[in-house]
Structures are given as C-alpha cells and as structure tokens.
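S.K.: turn this into a structure:
(one chain, ligands or ions: 1)
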Amino acid sequence: MNNVFMNTYHRLPVTFVKGEGSWLFDIDGKKYLDFGSGIAVNILGHNYPPLVKAACEQAAKYFHLSNYFLSDTVSLYAQKLVQACTMKKVFLCNSGAEANEGACKIARKYSLLKYGQGRHTIVTLKGSFHGRTITTLSATGQEKFHKDFGPFTDGFIHIKGGDIDALDKALDGKKVAGLLIEAVQGESGIVPQSEEFIAAAAEFCKERDILLMFDEIQCGLGRTGTFLALEQYKDAKGNPLKADIVTLAKGIAAGIPAGAVLAGEKTCDVFTVGDHGSTFGANPIAAACGLVVLETVNTPSFLAEIKRKGGKITSVLKNHPKVKEVRSKGLMIGFDIEGDAWAVLEKAIARADKESFGLLMLTAGANTLRLLPPYILTDSEIDQGMAVILELLAEKN
Ligand SMILES: *Cc1c(COP(=O)(O)O)cnc(C)c1O
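M.R.: Predicted coordinates for the structure are as follows:
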C-alpha cells in the first residue's frame, strides 16, 4: 500500500489513527507514548482542545487568503510573535528550510546594499542542520546530507562549534554577511553551544557588522525552558543577546505547517516589495494555532515546568551505567548509548501489545537517542516512559 511514496524515509511499521495528549493509537488499537512529538512539532500533544478549537474556528471563517490582503487573525498573530521574540518584524512562511532561505536572502541583501558585491558568505557550524533545499543543504554542516546533490549554492562555510579561534578567522568582515547557528543543535544529537562561544560570536558579529542569525527551528518555542534558546546566552558584556535574525518552524503552530523569519533593528527593512514571497506563507489556520502556542507556552510558569520536566527525565539518565553521556536543555534531551540507537527505538515501538504500550523516540546518529516530548507531558507519563527506557537499557543491546 505504501510503495507509492518515494523512498525517502526509514519508515517504521506502525499506522496511527488517532492521538490524545501524549499518546498515539495505531490501527490495531495499540497505544504509544509519544516522546518525539513528530520531531518537536506537536509541542502541545495531540488533540489539545484549545488548539483544535482555534483551528476549527478559523477553518470555518477562511482557510487561506493571498498575501495581497491582510487577515485579522494573521495580523494579531504576527504582532504577538514579534513581541514574544523581542524582534521588530516577521516574514511568515511554511517550513524551516523556507525560513532559513529567507534568512540567507536577508543577510545577502543587507550586506550587498551596505558593502557591495563579494561580501556574501554565510558561516555555519559543523553538525548543524538547516534544511533540505539546495541552499539550506549548503548551510547544513554535515557531509552525509550533501552527497549526490551538487552543485550547491556557493558561499557557505562550516566551522567547528566551540572553536573561538576558528570563528574569529572565519568571520572575515570583508567576505562574510552572516553567521547562522543553532544555540542547541538538534539533528546532530542535542549539542548546546557553550556560553563563551556564543558570547564571542555576538562580539565578532557586532564589531564586524556580520548578521547574528539563530536557527531556533528545533530549540525555540519553549523547548529548552525559555521561549527562545538564545535567551539562555549573553553577549560578551553579559547583556542579553540581540539577534539580527531568528528563524522558527516545527512547533510554531503545534502541528500545522508554518515557519517564520524574524528580523531585528538592522534587518527588518531589508526586504522591500517584490523581494520575497510565499503563496502559502502566513496561513490563517496556522496563525490561529500559533496564537494558542504563544498564549500557552510563553508564560513563566509554563516555561518553568518545561525545565522541571526535562530535569526529571535527565535525572533518570544521568549516572546510568549504560548511558555514556546525556546532553540536554529543558525538554530537548540526547543521550549516548553503547549499542545501536535505532535498534532500541525499534524495540520501544515493538513492545506495544494488548497489555503494554510502545514508546516513540527519535535517534540522532548511530548511538544517540533523542527525546523531544510534548510540553503537556505529565509526571506520571514521564515515569512510564522512563521505566520503558530503563527496561530497554537493561537489555543487552
Ligand atoms: C527541522 C529543522 C530545519 C528544517 O525544517 P523543515 O521544516 O524540515 O524544512 C532547519 N533547522 C533546524 C534546526 C531543524 O531542526
């Protein structure tokens, strides 16, 4: 039945028919605890009543307008999103790759207008993931995604995260338009950048007028316990970081495809009429859901709960003899094991039967399991999920 799909995904043998909170139910009525949230997308779990209500109410008004017109819902949302990120303006789009494409276009035009031709390089980090289009693949600092698809968009270089000397050298003020980084790398196994590295990046970018751009597609939107992960970092003087560009997607509308490019003071007026666009960008149903995300997630108490729940999960993994390393911020958790992470992921699913539930996890590389549970996860669900992980770690893998 599934051979009509192009063979791009390593699919698992489960077909889901419904979801409820942190749980998914398959075609045979088996139950699964969702510690992956559709890769950090279903941040409020499944069938979250305020989200369903918002989506249905908007769907009953209109699904879509062209960007020749304003939507009351989208305008309200854009205003609140810009505020939540302490940025100036936003461009709404449909995915992470599209958001990063927009960010790169802004960086190049900003630099071209101010400094002329030739200062168009964008520096990113090794191990980064910025998307699957030809340009965002160029930005992605992982060779394994590159083979077979060249030639790529010119003008991207990748340096090692944490290497301040390399950063200093790479950020050549005559050649470089922007630095694009994930404060916490997701796809490569949950790798938070150090405070020193980010402070140095902020300093170099500021003194050389290179745009400081954060890809918060996976680590943003409350995932790490602050609305944006960059809020947990400071500049070299100890002041809050000021990003020139922030990109969001994944959990931004809690399950409806959407993305955003947010621009600060320097960059908010770089695009002018005709420079950029997207037919489906600024979808009203996505905006209605995005409003629920902002109202629900962006409160001090809700964000504190994300941190607490993350701490509860990592406390089980830390010092476990079968866990080599745990890296985490909030509900963004990676842990390395001796054996094959994919095999553990498969076993966690296969344990679902009439009596027991399955557990949905993600991997990030051969030996790393990645947990990105929905924020609405309860303490009891954490206990149940972690009991399964302990059971699997106890087995010989
Ligand atoms: C998932 C992801 C992207 C790409 O998002 P898509 O919506 O799949 O295009 C970009 N950057 C980061 C950090 C991501 O996690």
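
S.K.: which helix is the longest one in this structure?
M.R.: Criterion DSSP state H: the longest helix present in the chain is helix 96-115.

S.K.: indicate the residue of the stretch 251-397 of the chain located nearest to the ligand.
M.R.: The ligand sits closest to residue 259 of the stretch 251-397 of the chain, with a gap of 6.3 Å, by CB to the nearest ligand atom. For every residue, glycine as well, the C-beta is placed using N, CA and C.

S.K.: return the residues of the stretch 201-350 of the chain in contact with the ligand.
M.R.: Within the stretch 201-350 of the chain, the residues that sit near the ligand (CB under 6 Å from any ligand atom) are 215, 217, 218, 249, 250.

S.K.: in JSON lines: those residues, plus secondary structure.
M.R.: Formatted as JSON lines, these follow (DSSP: H, G, I helix; E, B strand; the rest coil):
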{"residue": "215", "secondary structure": "strand"}
{"residue": "217", "secondary structure": "coil"}
{"residue": "218", "secondary structure": "coil"}
{"residue": "249", "secondary structure": "coil"}
{"residue": "250", "secondary structure": "helix"}
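
S.K.: where neighbours are concerned, which of those has the most?
M.R.: Counting neighbours by other CB atoms under 10 Å, residue 215 comes out on top of those with 31 neighbours.

S.K.: got a list of what that residue touches?
M.R.: 96, 100, 103, 128, 130, 180, 181, 182, 247 (CB atoms under 8 Å, 6 or more residues apart in numbering).

S.K.: same check, this time on residue 47
M.R.: Contacts of residue 47 by CB under 8 Å, 6+ apart are 18, 19, 20, 21.

S.K.: residue 93 now?
M.R.: So, once contact is read as CB under 8 Å, 6+ apart, residue 93 ends up touching 99, 102, 249, 258, 259, 260, 261, 278, 281, 282.

S.K.: the nearest residue to the fourth one once chain neighbours are set aside: helix or strand, and which one exactly?
M.R.: Looking back up the chat, that one is residue 258. Distance criterion CB to CB, 6 or more residues apart in numbering; nearest residue to residue 258, sequence neighbours excluded, is residue 286 at 3.8 Å. Assignment of secondary structure by DSSP states H and E places residue 286 within helix 284-297.

S.K.: quick check: buried residues in that helix?
M.R.: The neighbour-count check on helix 284-297 (16 or more other CB atoms under 10 Å) flags 284-294, 296-297 as buried.

S.K.: please apply the same query to stretch 71-85.
M.R.: Result for stretch 71-85 [16+ other CB under 10 Å]: buried residues 71, 73, 74, 77, 78, 80, 81, 82, 84, 85.

S.K.: picking up where we left off before, pretty sure the residue of the stretch 251-397 of the chain closest to the ligand is in contact with residue 96, am I right?
M.R.: Yes. Residue 259 sits in contact with residue 96 when judged by CB atoms under 8 Å, with a separation of 5.7 Å.

S.K.: contact partners for residue 94?
M.R.: 257, 258, 259, 278, 280, 281, 283.

S.K.: now those residues in TSV, with secondary structure?
M.R.: Compiled in TSV, the contacts of residue 94 are given as follows (three-state DSSP):
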residue	secondary structure
257	coil
258	coil
259	strand
278	coil
280	coil
281	coil
283	coil
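
S.K.: where along the stretch 201-350 of the chain do the helices fall?
M.R.: Secondary structure of the stretch 201-350 of the chain by DSSP state H, counting those that start in this stretch: the helices cover 284-297, 300-317, 341-350.

S.K.: need these in a markdown table with mean pLDDT and distance to residue 326, can you?
M.R.: Output for the helices of the stretch 201-350 of the chain, formatted as a markdown table (pLDDT from 0 to 100; distance: least, CB to CB, whole Å):
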| stretch | mean pLDDT | distance to residue 326 |
| --- | --- | --- |
| helix 284-297 | 98 | 24 |
| helix 300-317 | 98 | 5 |
| helix 341-350 | 98 | 14 |
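
S.K.: redo those as JSON lines? Include distance to residue 171.
M.R.: Shown next, in JSON lines, are the helices of the stretch 201-350 of the chain (distance: least, CB to CB, whole Å):
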{"stretch": "helix 284-297", "distance to residue 171": "33"}
{"stretch": "helix 300-317", "distance to residue 171": "32"}
{"stretch": "helix 341-350", "distance to residue 171": "34"}
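
S.K.: tell me which of those sits nearest to residue 135.
M.R.: Closest to residue 135 of the helices of the stretch 201-350 of the chain, according to CB to CB: helix 284-297, at 23.0 Å.

S.K.: many thanks, we can stop here.
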